[in-house]
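J.: Requesting a structural model of the entry that follows:
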Amino acid sequence: MKVLLTGMSSSHCKPGKNQSFFKTLATVYEEFAAVTWAEPKISWTKSDLEAFDQIVFGFSPPTSMGANHLYGAINVLNLMYESPKLRLVVDSPQMWQYKNSLRAFKRDPDQIFGSFYANRKNYDEARKSKTREAAESLAYKLASEVWPTSIVPSLPWHGDEDFDRKVSFISSDSIMPINLDSFLLEGATSSIGRENQWAVDNTKSSWFTTTKNTLRFPTISVKTSTKPKDSEVKERINASMGVLVAPQDRNLGTWWSYRYIQAMNTTTPIATYWQESGRLSPEWSLLGYQLEDMKPYERQHAAFQQIKTYKENIPQKEDVITKLRALVVDFEPRGI
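T.: Here you go, the predicted structure:
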C-alpha cells in the first residue's frame, strides 16, 4: 500500500523537526503503508498520482504566505479533486483564515499570480504554464462541487456541531474529525519546584488579554524565539505551575494544539476555553485564578485528572490504525 503525503505548505511536504498534526498522521500511516513525502509539482500528471493508493494533501488557506507550494498544489488538487483517493487535511493553527482566503481565491483565482507572490516556489514557471487554467478550474470546483473527504484534528470534547461551525467552509458530509493523540501522549512525569508563573501558548490572543486581567501570577510565552524547538517549549511548560492554551480568535473556540500534549506529558495543569473543554470533566473547566488558589499538590491532582479523562475519551492506537487503513478504500463521515 502506497501513500503520498504532500500539500500547500512546507510542513506538508517533509517531516519537520517539531511535532504537528500532519506529521503525526504520517506516523500512523507508516504503521501499515509505504509513505512518500514530496513537494507537489506542476509537471505531475494524473497517472503519476494514480500510482498511489491514497493522496494525503495538506490544505492551507490558498492566499496565505504559508502556502509556499501553492502552484504545484493547485495542479494536484485540480487533477485529483474528484478522486476517491484524495484526502484533504485541514490543520492550520489559524482556522479563521480559511474562509476569507477561499472566498478571495474563488472570486479571482488569477490574483495568486500577482507580484505579491513572486517569492513562492515555481512562480515564474507557473505563470507561463497551464497552472493558470488549473487555478480557474479548481476555483470553480471549490465553489460548486462537493468537497473531497477532509480530515480535521479533533479534541475529545468536540462534537459534530463544533465542526460544522469551526470548518463551515467544508461540506458537512465531507468532514472527518480524528484524534491521533494516543500516539503523542507519554507516561506523564511531574516536576518539583515549579515557578508561580503561567506558560502561555499565544500571548497575542484576545482570550489571553482578557484572562490575564483575572490572574495574579506573572506570565511567560512558551516561545523562546519565532521558531522554538519543542524541547525548549517543554522546558518552559515544565518550569511553570500551569499552562494557558488559548482558543481560536473570531469566536471559533478551541482547536487542536500540541501544547495540550506537552502540558499533559509534563503533568502541568491546563486552563483553556472552559465552555468547550469543561464538557470533559470538572478539572477541564478550571479557571486560571482557581488553579492559582490551589496548593501545589492540588494542582498536580487536577493535572492527573485532566490526563485521565482525556485519555479515556480518545481512541487507542489500534483503533486509529484500523480506521485509517479502512479509509484508504472507503470513507465514513464523522470519523474517530
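J.: tally of neighbours for residue 293?
T.: Applying other CB atoms under 10 Å, we find 11 residues neighbouring residue 293. In short, each C-beta sits where N, CA and C put it, glycine included.
J.: Next one, pLDDT for it please.
T.: pLDDT recorded at residue 293 is 98.
J.: Show the average pLDDT along stretch 47-54.
T.: Here the average pLDDT along stretch 47-54 is 96.
J.: now the end-to-end length of that stretch.
T.: This stretch, stretch 47-54, spans 13 Å end to end (CA to CA, to the nearest Å).
J.: How far does it sit from its chain's centre?
T.: 25 Å (CA atoms, centre = their mean, to the nearest Å).
J.: Kindly report the same for stretch 40-60.
T.: 21 Å.
J.: Also stretch 110-127?
T.: Relative to its chain's centre, stretch 110-127 lies at 26 Å (CA atoms, centre = their mean).
J.: Give me the contacts around that stretch.
T.: Contacts of stretch 110-127 with the rest of the structure, by CB atoms under 8 Å, 6 or more residues apart in numbering, involve 39, 42, 62-63, 67-72, 104-105, 131-132, 135-136.
J.: Buried subset of those residues as a PyMOL selection?
T.: Filtering the contacts of stretch 110-127 down to the buried ones (16 or more other CB atoms under 10 Å) takes a single PyMOL command:
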select buried, resi 39+42+62+63+67+68+69+70+71+72+105+131+132+135
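J.: Okay, and which of the contacts of stretch 110-127 map to helices?
T.: Taking DSSP state H, the ones among the contacts of stretch 110-127 that sit in helices are 70, 71, 72, 104, 105, 131, 132, 135, 136.
J.: Let's have the residues you listed in a markdown table, adding pLDDT.
T.: As requested, the ones in helices among the contacts of stretch 110-127 are exported to a markdown table (pLDDT from 0 to 100):
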| residue | pLDDT |
| --- | --- |
| 70 | 96 |
| 71 | 97 |
| 72 | 97 |
| 104 | 96 |
| 105 | 96 |
| 131 | 96 |
| 132 | 95 |
| 135 | 97 |
| 136 | 97 |
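J.: and the two most separated of those residues?
T.: The most widely separated members of these, counting by CB to CB, are 72 and 104 (20.2 Å).
J.: Now do the helix or strand containing residue 242, average pLDDT.
T.: Assigned by DSSP states H and E, residue 242 belongs to strand 240-244. Mean pLDDT, computed over strand 240-244, is 98.
J.: Using CSV, list the CA coordinates for it.
T.: The C-alpha coordinates for strand 240-244 follow below in CSV (Å, rounded to 0.1, in the frame of the first residue of the first chain):
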residue,chain,number,x,y,z
SER,A,240,5.5,26.7,35.3
MET,A,241,2.6,26.0,37.6
GLY,A,242,0.2,25.9,34.7
VAL,A,243,-0.4,26.4,31.0
LEU,A,244,-2.8,28.8,29.3
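J.: neighbouring contacts of it?
T.: Here strand 240-244 has contacts from 194-201, 208, 211, 217, 219-220, 222, 237, 259, 262-263, 268-272, 288, 291-292, 296, 299, using CB under 8 Å, 6+ apart.
J.: Please, a ChimeraX command that selects the buried ones among those?
T.: Applying 16+ other CB under 10 Å to these, the buried members can be selected in ChimeraX as follows:
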select :194,197,198,199,200,201,208,211,219,220,222,237,259,262,263,268,269,270,271,272,288,291,292,299
